[in-house]
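> quick one, what's the 3D model for this:
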Amino acid sequence: MAKCVVVLTLLLFAAGCSKSPAQKVAQLTEEFVYTSLSFSPSSATAAGLHEFKKQKLDEMLDDFSPASLDRQQKTYEEFQKRLKEIPAESLAPEDRADYTVLEDQTEAALLDLTVIHSALHSPTMYVETLGNALFSPYVLEYAPKPQRYKAIIARLEKIPLFLDQAALNLIASPPIWTEVATDENQGNIDLVDKTIRTGVPDDMRDAYARAARPALEAMNKFQAFLKNNLTARTGFDWRLGQDRYTRKFRVSLEIGVEPDTILDQAERRLAEVRAHMLELARPIHAGLFPAHHDHPELSGDAQVNAIVGEVLGKIAERHSTRESYMDDARKDLDEARSFVQEKHLLKLPARSNLQVIPTPEFMRGVYSVGGFNAAPALEPQLGAFYWVTPIPAAWPAERVESKLREYNVYKLKLLTIHEAMPGHYVQIEMANNVEPLGRRLLRSVYGNGAYVEGWAQYATQMMLEQGFANHSAEMDLTFAKEELRVVANAILDIRLQMLNMTDEDALDLMMKQTFQEKEEATGKLQRAKLTSAQLPMYFVGWRGWNRVRDEQQKAKGSAFNLAAFHDAALASGAVPLPVLGRLFK
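Got it, this is the predicted structure:
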């Protein structure tokens, strides 16, 4: 018997050795996506993976114990070692794309586990992980309601241990991270005690109540820990610094360009866009403010700010009310969908699964305006969600007006295009058709951020090029302001994380140089402190998408077809943009 086992082992080893580089990449892809998702059951549910190795992932919470983190580190180190043994230069373009994503994701995971140490410093990571673990089975109808509530109850039972581990792990946190985590944790408390509780099937109410009671006690205990303990442990800076930021920037964006080069490009583009906005604003300004005569008493930036600022101020007066904001976003979605269909700009997804809903409270620290939550890659028929963050009833009139002026009728349309149609929703829906499943998961769950955010920006530009909003001068100026904001995103992130930019300089950049309302600017500054290497994705991704389109137009000449280009580019899923051009047939 022992001899048979040895022979079988040798045969399996020989079979593994005889695999081609492409087969090895496919095998690693399968192992990576399923193993990494098993490390995060909350992410697994959102991706549509409900069981792994006989474990019911929907009933589990993420394990942040030292033993689990050590196991994860060893697993990623092994993946990295096996990747390096594959001759990447011999791979065909599709396999090389997967190889690159795997390379970046293993490096990103190891960077966090061994250098950045989010588990020791980021309370928002725990709060948002927990919120997603509870919200996904509540909102995604992947199984009958009783089965999903059974999973929620099982996760509720694990919350005390989960939050005790969080409190043990967290040794120091920047004040802004603790503050946001406190707000989001209250959102989780309300999610359990109000939102989810209201939908419990009648015959499960007692079981839910029994599980919710200690869970809520643990969440309130964690709230006290955040307010009374972690607030005093401020010996950790949210800034990564040049070395750590550069490493994260490289693996997050995968564009082959360093942060200082992007900063230089963004700052030069800032001046160019401001000059363009002055050209757009002058004729509108002459009609709206004839007595101002283009402010001849001013010059340079002061004149640009006066002319452009006055026109944008007038444009901002056309906005929703606090009560109509959500419904107006829904109407904008219908308008954008009709335009895409009428102009035949791309093949729209066959599924009709998009819903417009309020942003979950536990995610409003980062998504203070809105966002997109994709349908699960393994269950794409389920819901996809365009999140629109409601304006709180408790806000004073000044804050409400600032928010509504920033997201006026023109900007709300641009937001809806970006997040939903034909932006993130269409892009990710098409990515959810990629085969085989391992590749789909890799490029959907771990897809390249510059590709994803760049598509949404490029799609907005393309819609206006094709005549959305009838080439309105007001819309063109609002979109130019949008580009300024994208440029500012890159400048902010790099300067804040690497070059110690102050809050005052950051707010000055946003409010005085890129015409953002105070509410928008303060929210973006908070986001820039909560995240890193994400805000530049809009700038570099947008430029990358335009570069790929230009290359394809040049290569195909008169045979170039815009819709065919979009369909082919979206069919690949979110690969690094330098790789995308090599995937066109």
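
> what about V257, which SS state?
With DSSP: H, G, I helix; E, B strand; the rest coil as the basis, V257 sits in coil.

> state the distance from the closest residue to it other than its chain neighbours to T45.
Of all residues not flanking V257 in the chain, V540 sits nearest, at 7.2 Å (Cβ to Cβ, 6 or more residues apart in numbering). Backbone N, C-alpha and C define where each C-beta goes, glycine included. To T45, V540 is 31 Å away according to Cβ to Cβ, to the nearest Å.

> again, but for N353
Remark: distance between N353 and T45 (Cβ to Cβ) = 17 Å.

> okay, and the closest residue in space to D567 that isn't next to it in sequence sits in which element?
Counting by Cβ to Cβ, 6+ apart, D567 lies nearest to K347, which is 5.1 Å off, once chain neighbours are set aside. For K347, there is no enclosing helix or strand under DSSP states H and E.

> what of the one 10 residues further on?
Using DSSP H and E, the element containing I357 is strand 354-358.

> helices or strands up against that strand?
helix 325-343, strand 384-388 (3 or more Cβ pairs under 8 Å, 6 or more residues apart in numbering; DSSP states H and E).

> including distance to L583, mean pLDDT and mean neighbour count, could the ones you listed go into TSV?
Below are the helices and strands packed on strand 354-358 laid out as TSV (distance: least, Cβ to Cβ, whole Å; pLDDT from 0 to 100; neighbours: other Cβ atoms under 10 Å):
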stretch	distance to L583	mean pLDDT	mean neighbour count
helix 325-343	23	96	16
strand 384-388	24	94	24
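
> about what we covered before: the strand holding I357 - what's its average pLDDT?
For strand 354-358, mean pLDDT rounds to 93.

> angle of that strand against helix 325-343?
Orientation of strand 354-358 against helix 325-343 (axes from the mean of the first three to the mean of the last three Cα atoms, to 10 degrees) gives an angle of 160 degrees.

> for the one helix or strand L496 maps to, buried residues please.
Assigned by DSSP H and E, L496 falls within helix 473-498. Applying a neighbour-count criterion of 16 or more other Cβ atoms under 10 Å, one finds 474-498 buried in helix 473-498.

> and if you look at stretch 143-160?
Within stretch 143-160, the residues that qualify as buried are 148-160, counting by 16+ other Cβ under 10 Å.

> stretch 271-286 now?
Buried, per 16+ other Cβ under 10 Å, within stretch 271-286: 273-274, 277-278, 280-281, 284-285.

> what do you get for stretch 42-55?
Within stretch 42-55, the residues scored as buried using 16+ other Cβ under 10 Å are 42-50.

> quick one: which of those is nearest Q516?
Nearest to Q516 among these is A46, at 31.4 Å by Cβ to Cβ.

> isn't that closest one up against P137?
No - using Cβ atoms under 8 Å, A46 makes no contact with P137, being 9.5 Å away.

> wait, what's in contact with I428?
372, 374-375, 384, 444, 452 (Cβ atoms under 8 Å, 6 or more residues apart in numbering).

> how about those residues in a markdown table, adding secondary structure and distance to A22?
Shown next, in a markdown table, are these (DSSP: H, G, I helix; E, B strand; the rest coil; distance: Cβ to Cβ, whole Å):
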| residue | secondary structure | distance to A22 |
| --- | --- | --- |
| F372 | strand | 33 |
| A374 | coil | 28 |
| A375 | coil | 29 |
| A384 | strand | 32 |
| S444 | helix | 21 |
| V452 | helix | 25 |
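
> follow-up on the earlier one: take the buried residues of stretch 143-160 and write them to a markdown table, including secondary structure and pLDDT.
What follows is the buried residues of stretch 143-160, written out as a markdown table (DSSP: H, G, I helix; E, B strand; the rest coil; pLDDT from 0 to 100):
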| residue | secondary structure | pLDDT |
| --- | --- | --- |
| R148 | helix | 98 |
| Y149 | helix | 98 |
| K150 | helix | 98 |
| A151 | helix | 98 |
| I152 | helix | 98 |
| I153 | helix | 98 |
| A154 | helix | 98 |
| R155 | helix | 98 |
| L156 | helix | 98 |
| E157 | helix | 98 |
| K158 | helix | 98 |
| I159 | helix | 98 |
| P160 | helix | 98 |
